[in-house]
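Student: Predicted coordinates and the sequence they were generated for:
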Amino acid sequence: MGAVLAARAVVNDELLDELEAALIQADVSVPVAEGMVERLREAAESHHITEPSGLLELLAQHVEEMLEPCEAPLSTGEQTPTVFLMLGVNGVGKTTCIAKIAHWYQSAGNKVLLVAADTFRAAAAEQLSVWAERVGCDIVQQQHGSDPAAVVYDGLEAARARGHNLVIIDTAGRLHTKRNLMEELRKMDRVIQGQLGRATDERLLVIDATTGQNAIRQAEQFNEALDITGLMIAKLDGTAKGGVVLSISQQLGLPIKLIGVGERLEDLRLFSARDFAGQMFD
Ligand SMILES: Nc1nc2c(ncn2[C@@H]2O[C@H](COP(=O)(O)OP(=O)(O)OP(=O)(O)O)[C@@H](O)[C@H]2O)c(=O)[nH]1
Ligand SMILES: [Mg+2]
């Protein structure tokens, strides 16, 4: 984005068109990019901005303002255990994200339990138990092919019996278009609600920042099926784009809770509109 502006001496229509193209290139959806550039045009006029660098500052400020309402902390319920249900399509980074969250809370002195409710992929429980060992937290698992809702039930019983205060549930990757798989998630959520006597603290949808526009469809459909409480944007380190975050926030208004910036346990950050805007226009 900075390169588009650096190559220009003055702010004019051509430059604004190029900026719009650069935003779309960075995975911002067309209507959102159009709206942003229109707002920028008006602001540049009213503030008499003629230098491209001034325009870049204004754009970063707009992005920060757009994203600020999406900043939200994780809800850690007043009653224990707090329960996070993790969702998303295949390979977006759910399990890695769970390990990172577990590490974070476990290091802060909490007693964390991971629940391996991805009983579909053969190696999934094994992958989660390797993470549990590294984090130093507990795990509940059943054999491959078990009913995921039954694993969730077991997990919550175990948490209550053994005094865990955070339970994080790993689910199998699934396409947002598969109705029966969405129903399976709803069933898991009902089991949690039944056990807790209240809503699941977080139904977190993990989105891969490198996915592009399809991420919007994913968020829309998971949200329709399950009322997601927030987003975790994984793999933001792997893309110069990340504009999809803007589109999702503007089009769906969902809170963004966490971002993933690498494959290690430490590579987890709270979402910050200011940091995101700063990095987008580096
Ligand atoms: N660069 C980068 N890679 C990540 C990040 N999060 C996850 N990954 C990588 O993405 C790949 C998939 O991660 P998983 O956590 O297994 O994804 P998943 O959503 O659980 O996958 P399924 O269970 O198969 O649906 C792994 O190679 C991870 O190391 C991240 O924030 N940055
Ligand atoms: Mg997984």
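Tutor: The structure has been received and is ready for your questions. Ligands and ions are numbered 1, 2, ... in the order given.

Student: For the residue of the chain found nearest ligand 2, pull up the helix or strand it's in.
Tutor: With CB to the ion, the shortest gap between the chain and ligand 2 falls at residue 95, namely 3.3 Å. (Glycine included, C-beta is placed from N, CA and C.) In this assignment (DSSP states H and E), residue 95 forms part of helix 94-107.

Student: so residue 206 touches residue 84, yeah?
Tutor: No. Using CB atoms under 8 Å as the test, residue 206 is too far from residue 84 to be in contact (11.1 Å).

Student: Neighbour count: those two, which is higher?
Tutor: Higher neighbour count among residue 206 and residue 84: residue 84, with 29 against 26, using other CB atoms under 10 Å.

Student: Could you measure from the more buried one over to residue 49?
Tutor: Residue 84 sits 44 Å away from residue 49, going by CB to CB, to the nearest Å.

Student: With residue 223 instead?
Tutor: Residue 223 is 37 Å from residue 49, by CB to CB.

Student: again, but for residue 72
Tutor: 32 Å.

Student: Could I get the full set of strands for this protein?
Tutor: 82-87, 112-117, 138-140, 166-171, 202-208, 230-234, 256-260, 268-270 (DSSP state E).

Student: and these as CSV, adding mean pLDDT?
Tutor: Listed next are the strands of the chain as CSV, based on pLDDT from 0 to 100:
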stretch, mean pLDDT
strand 82-87, 98
strand 112-117, 98
strand 138-140, 98
strand 166-171, 98
strand 202-208, 96
strand 230-234, 95
strand 256-260, 95
strand 268-270, 96
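
Student: Ok, which of those strands comes nearest ligand 1?
Tutor: Each of the strands of the chain has some distance to ligand 1 by CB to the nearest ligand atom; the shortest is strand 256-260, at 2.8 Å.

Student: The closest one and ligand 1, are they touching?
Tutor: Yes. Counting by CB under 6 Å from any ligand atom, ligand 1 has neighbours in strand 256-260: residue 260.

Student: okay, now the one residue in the stretch 101-250 of the chain that gets nearest to ligand 1: neighbour count?
Tutor: Of the residues in the stretch 101-250 of the chain, the one nearest ligand 1 is residue 173, at a distance of 2.3 Å by CB to the nearest ligand atom. Look at residue 173: counted by other CB under 10 Å, it has 19 neighbours.
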